[in-house]
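J.: only geometry, no sequence info:
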């Protein structure tokens with residue numbers, strides 16, 4: 001009875017985790033799970049996890065590996081459910097209620113599966129395919145080797161090519177989506193492309209790069225770089241990130257300490273974290289989104305390469321994977337200091353499952 005009384009008293013101070021973190025351990029082909037700031041479990045034998053991506057839909061988790069395996073797992077019980085080979089080199093994935101779509105570098109194709117990983121359609125493109133997104137009945141992706149954007153439309157059980165946009169820019173490498181806007185970046189063109197999926201108008205938005213340094217790690221585009229009417233674009237080969245409004249009017253160009261890789265805005269829109277490649281790998285810069293000024297420059301200097309970041313939605317924390325030091329660090333945003341550290345083997349991508 002006394003124990004029950006004490007438990008009732010403690011209830012207001014007990015934190016029940018809703019977020020669970022899945023961290024790619026690419027050197028060991030495994031995924032670590034972190035919960036309540038502690039290591040919890042490990043999924044193993046997951047093939048080549050270079051550039052691996054995890055996405056969640058309802059209570060299902062899907063992992064796409066670099067060597068072309070699509071793996072479905074249970075994120076609640078942390079169990080592998082099924083895997084299937086969908087290519088030789090896979091790069092992107094989209095999950096919808098009734099299908100999964102995978103973009104492959106090789107074989108040069110897009111694969112459509114049902115949610116239980118049965119292949120329903122193979123779409124040959126003759127190109128490496130990047131930036132796959134969905135919008136209503138459409139599936140959109142860019143063809144790296146053809147400088148094209150394809151829009152497929154779902155008709156009954158099949159996707160058919162609906163629109164082809166040619167000469168969109170040289171060597172598209174990634175894309176992000178803001179509602180009906182498909183935003184694509186290019187390696188060899190000084191602009192981004194914006195395709196409006198309402199009216200299928202395509203336009204180019206000029207970027208003002210001053211330098212063209214060798215790119216060691218490709219910048220990543222993602223929804224984490226969008227907050228309400230602000231759209232962040234990391235430069236290719238220049239130490240800058242660009243801030244646009246939702247009409248792509250330039251707001252600010254922010255000079256950074258290195259070549260940006262990830263730009264990630266906090267859930268409340270107050271801050272943006274920027275990661276880098278090359279000798280600036282260990283640095284992490286924080287931008288105050290109210291004035292677009294750098295909050296910290298060299299204070300967040302880790303003892304190893306920073307490969308990925310994720311903002312918590314339920315705590316004032318920024319999760320940082322420090323690859324060389326075998327740890328994921330939680331940074332408190334009130335003091336920008338380490339709050340905790342979890343041992344993870346060569347961590348790279350961090351993905352959040354919200355129960």
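T.: That came in fine, so what should we check first? These numbers come from a predicted model, not from an experiment.
J.: Verify the stated contact: residue 39 with residue 342.
T.: Yes. Judged on CB atoms under 8 Å, residue 39 makes contact with residue 342 at a distance of 5.4 Å. In short, each C-beta sits where N, CA and C put it, glycine included.
J.: out of those two, which sits in the more crowded spot?
T.: Ranked by neighbour count (other CB atoms under 10 Å), residue 39 and residue 342 place residue 342 first, with 20 against 14.
J.: where exactly do the helices run in the protein?
T.: Remark: helices assigned in the chain by DSSP state H are 2-10.
J.: spatially speaking, which residue is in the middle of it?
T.: residue 222 (5.3 Å; CA atoms, centre = their mean).
J.: Give me the pLDDT value at it.
T.: Residue 222 is assigned a pLDDT of 88 by the prediction.
J.: That one against residue 176, yeah?
T.: Yes. Distance between residue 222 and residue 176: 5.5 Å, which falls inside the contact criterion (CB under 8 Å).
J.: Quickly list what's touching both of those two.
T.: Counting by CB atoms under 8 Å, 6 or more residues apart in numbering, no residue touches both residue 222 and residue 176.
J.: follow-up on the earlier one: check contacts around the residue nearest to the centre of the chain.
T.: Contacts of residue 222 (CB under 8 Å, 6+ apart): 176, 262, 264.
J.: how deep is residue 137 tucked in, by neighbour count?
T.: With other CB under 10 Å as criterion, residue 137 counts 12.
J.: quick one: it from residue 248, how far?
T.: For residue 137, the distance to residue 248 equals 26 Å [CB to CB, to the nearest Å].
J.: for the stretch 201-350 of the chain, what are the low-confidence residue spans?
T.: 296-299 (pLDDT under 70).
J.: Which stretches in it count as strands?
T.: 202-206, 226-227, 230-234, 240-245, 250-255, 260-265, 271-276, 284-288, 293-296, 306-311, 317-322, 327-332, 337-343, 347-354 (DSSP state E, counting those that start in this stretch).
J.: With distance to residue 73 as new columns, can those strands be given to me in a markdown table?
T.: Compiled in a markdown table, these are given as follows (distance: least, CB to CB, whole Å):
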| stretch | distance to residue 73 |
| --- | --- |
| strand 202-206 | 37 |
| strand 226-227 | 27 |
| strand 230-234 | 30 |
| strand 240-245 | 34 |
| strand 250-255 | 38 |
| strand 260-265 | 24 |
| strand 271-276 | 26 |
| strand 284-288 | 29 |
| strand 293-296 | 36 |
| strand 306-311 | 19 |
| strand 317-322 | 20 |
| strand 327-332 | 19 |
| strand 337-343 | 20 |
| strand 347-354 | 10 |
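J.: wait, which of the ones you listed is closest to residue 69?
T.: The minimum distance between residue 69 and the strands of the stretch 201-350 of the chain falls on strand 347-354, with 15.7 Å, by CB to CB.
J.: partners of that closest one, with directions?
T.: strand 19-25 (antiparallel) (DSSP bridges).
J.: Just the buried positions in the partner strand, please.
T.: Residues of strand 19-25 classed as buried by neighbour count (16 or more other CB atoms under 10 Å): 19, 20, 21, 22, 23, 24, 25.
J.: what angle separates it from strand 337-343?
T.: Compare the direction of strand 19-25 with that of strand 337-343 by axes from the mean of the first three to the mean of the last three CA atoms, to 10 degrees and you get 60 degrees.
J.: contacts for strand 19-25?
T.: 31-35, 40, 42, 49, 52, 54, 61, 75, 310, 312-315, 319, 321, 328, 344-355.
J.: Any of the residues you listed buried? List them.
T.: 31-35, 42, 49, 52, 54, 61, 75, 310, 312, 315, 319, 321, 328, 344, 346-353.
J.: Could you give the number of residues near the nearest residue to residue 201 once chain neighbours are set aside?
T.: Nearest residue to residue 201 in three dimensions, chain neighbours excluded: residue 195, at 7.6 Å (CB to CB, 6 or more residues apart in numbering). Here the number of neighbours of residue 195 (other CB under 10 Å) works out to 25.
J.: Which strand residues bridge residue 195?
T.: residue 182, residue 202.
J.: Go ahead and confirm it touches residue 140.
T.: Yes. Using CB under 8 Å, residue 195 makes contact with residue 140 at a distance of 7.2 Å.
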